[in-house]
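Novice: Please work out how this folds:
(4 chains)
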There are 2 protein chains.
Amino acid sequence: MGRAVKGSREGGDARRERWRAHREARREEFVDATIRALTKHGPEVGMDEIAAEAGVTKPVLYRHFADKSDLYLAVGHRGTEMLLERMRPALVDDGTPYERIHRAVDAYLSTIEEHPALYHFVVRRSFADKPVEQDVVSQDKQLIANTLARLLGDYLRAFELDSGGAEPWAYAVVGMVQSAGDWWLERQSMTRQSLTEYLTKIIWFAIEGLLRSGGIAIDPDLPLSLGPALRLVPDPESPASAG
Amino acid sequence: MGRAVKGSREGGDARRERWRAHREARREEFVDATIRALTKHGPEVGMDEIAAEAGVTKPVLYRHFADKSDLYLAVGHRGTEMLLERMRPALVDDGTPYERIHRAVDAYLSTIEEHPALYHFVVRRSFADKPVEQDVVSQDKQLIANTLARLLGDYLRAFELDSGGAEPWAYAVVGMVQSAGDWWLERQSMTRQSLTEYLTKIIWFAIEGLLRSGGIAIDPDLPLSLGPALRLVPDPESPASAG
DNA sequence: AGTTACCGTTACTTCCGGTAACAGTAATCC
DNA sequence: GGATTACTGTTACCGGAAGTAACGGTAACT
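Specialist: Predicted coordinates:
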């Protein structure tokens, strides 16, 4: 990044632009290979094995990723993308609240069910292993939580309730579903449907209680719309809400 | 382990027994040192640094711990002990349900607030790093969740409700508090009291809703006892509940 | 034709977890 | 008292995996 543009004028040379898309594609390709290697060798894959899976050798990998955790981060993002893609309809569509929650939870559980290796790698191992400066860990979880926080906050404000709790609520819900999902994935001692039902109820009861304590009653089976298109909120540090 | 007892008959020699307590103490001492080293050097401490902090060299460490993750596991257990110690009164005492939840949550948050380095190490880094066979990761979280599951299950059965949800509920609650606590610890944009309040409400509302949907109404401010002494439930795999 | 920006390799260094080998001390057993 | 046991501790090494250096090849744009 920020490589000094030496002698060439920036717009003219197509050679720089040309490769950007390519590099992007290559990274994705390596992410694919990493996931394959992951499912094959387990979470302790080495860079050599990943490179081999991609059909190249290590240095090639290191031309596209700064280091191991950079690669792992990309893998994490891939997972998050998949997850959000699956959950988005439930979150943005109109529909009864209960049903939307239910669908979102089910989307989450079915996604992790379909990609257990990836899930374990991202969530359990949390691609640690790094003299890393800051929150390498779960900026993806953050992304999801922030998205949810925005959604909750909008609703709370629409009901003229204290919206200060939106963020902790979001993190609470995310952690809750993740933790229960983790448990479920490990020993599948219960059908996915059952777990979805339980979790949906917890969330729904909590929301209902919150609203009721604020003097508002809503029906779980009445549609409830208020959707400006769902936006993703990548940066949690930016002070957006002042008053 | 299982070292063959060569010539000496087992009972007679006091020399074997004598050292057991000592070894135990030594391990604890090293765990202390590890935590100190952790707060000093951050989560990326090396074994050499830990050993140095303990005033010895590496091989000494390896005489008491099989490997790095064995040591880390011990550190995790220490954390769990501290946590459970703090939370136990809230969980076992009689008292109004709302207050008990409140105290338990507050105990959790104040513990992680007091030991952020330890917390980060145990929870975020999840002492991974190991060609480990199974769930090295969070058998401590499991311990907590199972304890809670037992508690919840007892109550559910006492109310003659479906107790099948006790376990997912427990994991959900644990994950919820952990996730929100994690968020809070990072950017302390809210007082501990506020967060405690929010979390307590979520949990309480969820429980209340669950009971109400089962046709039971309870008062958050009426004491609710039913405590056989709180037991810890270390092993989740043992098939205890059949019918 | 020359430049740029990739493609890819082999062989290396570095760091760190873990071990081998060696030596000293205090208590228990006979 | 002397042997045995079970620790105390050290220095010097091994091995594996992350990451790098240095080299060479190819295709497209100017």
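Novice: how would you label residue A:163: helix, strand or coil?
Specialist: Assigned with DSSP: H, G, I helix; E, B strand; the rest coil, residue A:163 falls in the coil class.
Novice: Sketch out the low-pLDDT regions of chain A for me.
Specialist: A:1-17, A:124-138, A:224-243 (pLDDT under 70).
Novice: OK, contacts around residue A:79?
Specialist: Residues in contact with residue A:79 (C-beta atoms under 8 Å, 6 or more residues apart in numbering or on different chains) are A:115, A:118, A:119, A:122, A:140. Placement of C-beta: from N, CA and C, glycine included.
Novice: in what helix or strand does the residue most central in space within chain A lie?
Specialist: The centre of chain A sits closest to residue A:80, judged by C-alpha atoms, centre = their mean, with a distance of 3.2 Å. According to DSSP states H and E, residue A:80 maps onto helix A:68-92.
Novice: just residue A:216 next, same as before
Specialist: Applying DSSP H and E, one finds residue A:216 in no helix or strand.
Novice: and what of residue A:223?
Specialist: Short version: residue A:223 belongs to no helix or strand, going by DSSP H and E.
Novice: Quick check: it touching residue A:93?
Specialist: No. Counting by C-beta atoms under 8 Å, residue A:223 does not reach residue A:93; the two are 9.7 Å apart.
Novice: circling back: return the member of the contacts of residue A:79 nearest to DNA strand C.
Specialist: residue A:122 (22.7 Å; C-beta to the nearest atom of the strand).
Novice: which one of the contacts of residue A:79 has the most neighbours?
Specialist: residue A:122 (26 neighbours; other C-beta atoms under 10 Å in any protein chain shown).
Novice: show me the contacts for the residue nearest to the centre of chain A.
Specialist: Residue A:80 is in contact with A:140, A:143, A:144, counting by C-beta under 8 Å, 6+ apart.
Novice: Could you see whether DNA strand D lies near stretch A:19-26?
Specialist: No. Using C-beta under 7 Å from any atom of the strand, stretch A:19-26 stays clear of DNA strand D, coming no nearer than 9.5 Å.
Novice: if we can go back for a sec, show me what counts as buried in the helix holding residue A:80.
Specialist: Neighbour-count burial for helix A:68-92 flags A:68-76, A:78-80, A:83-84, A:86-87, A:90-91 (criterion: 16 or more other C-beta atoms under 10 Å in any protein chain shown).
Novice: Report the separation between residue A:193 and residue A:110.
Specialist: 10 Å (C-beta to C-beta, to the nearest Å).
Novice: let me fix that: residue A:94
Specialist: 22 Å.
Novice: And for residue A:32?
Specialist: Relative to residue A:110, and taking C-beta to C-beta, residue A:32 is found at 21 Å.
Novice: Next: residue A:102.
Specialist: Distance from residue A:102 to residue A:110, by C-beta to C-beta: 12 Å.
Novice: These two - which one has more neighbours?
Specialist: Neighbour totals were compared for residue A:102 and residue A:110, and residue A:102 leads with 21 against 13 (other C-beta under 10 Å).
Novice: does the more buried one belong to a helix or a strand, and which?
Specialist: helix A:97-114.
Novice: Figure out how far that helix is from the centre of its chain.
Specialist: In terms of C-alpha atoms, centre = their mean, to the nearest Å, the centre of helix A:97-114 is found 14 Å from the chain centre.
Novice: next one: stretch A:141-154
Specialist: Per C-alpha atoms, centre = their mean, the centroid offset for stretch A:141-154 relative to its chain is 11 Å.
Novice: next one: stretch A:72-82
Specialist: Distance of stretch A:72-82 from its chain centroid, counting by C-alpha atoms, centre = their mean, is 8 Å.
Novice: CA atoms of it as PDB?
Specialist: C-alpha atoms of stretch A:72-82 as PDB (Å, rounded to 0.1, in the frame of the first residue of the first chain):
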ATOM      1  CA  TYR A  72      -6.000 -16.700   8.200                       C
ATOM      2  CA  LEU A  73      -7.700 -13.400   8.400                       C
ATOM      3  CA  ALA A  74      -8.700 -13.700   4.800                       C
ATOM      4  CA  VAL A  75     -10.100 -17.100   5.500                       C
ATOM      5  CA  GLY A  76     -12.000 -15.700   8.400                       C
ATOM      6  CA  HIS A  77     -13.500 -13.000   6.200                       C
ATOM      7  CA  ARG A  78     -14.500 -15.600   3.700                       C
ATOM      8  CA  GLY A  79     -16.400 -17.400   6.400                       C
ATOM      9  CA  THR A  80     -18.100 -14.200   7.600                       C
ATOM     10  CA  GLU A  81     -19.100 -13.400   4.000                       C
ATOM     11  CA  MET A  82     -20.700 -16.800   3.600                       C
END
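Novice: That stretch near DNA strand D anywhere?
Specialist: No. Applying C-beta under 7 Å from any atom of the strand, one finds stretch A:72-82 out of contact with DNA strand D, separated by at least 9.2 Å.
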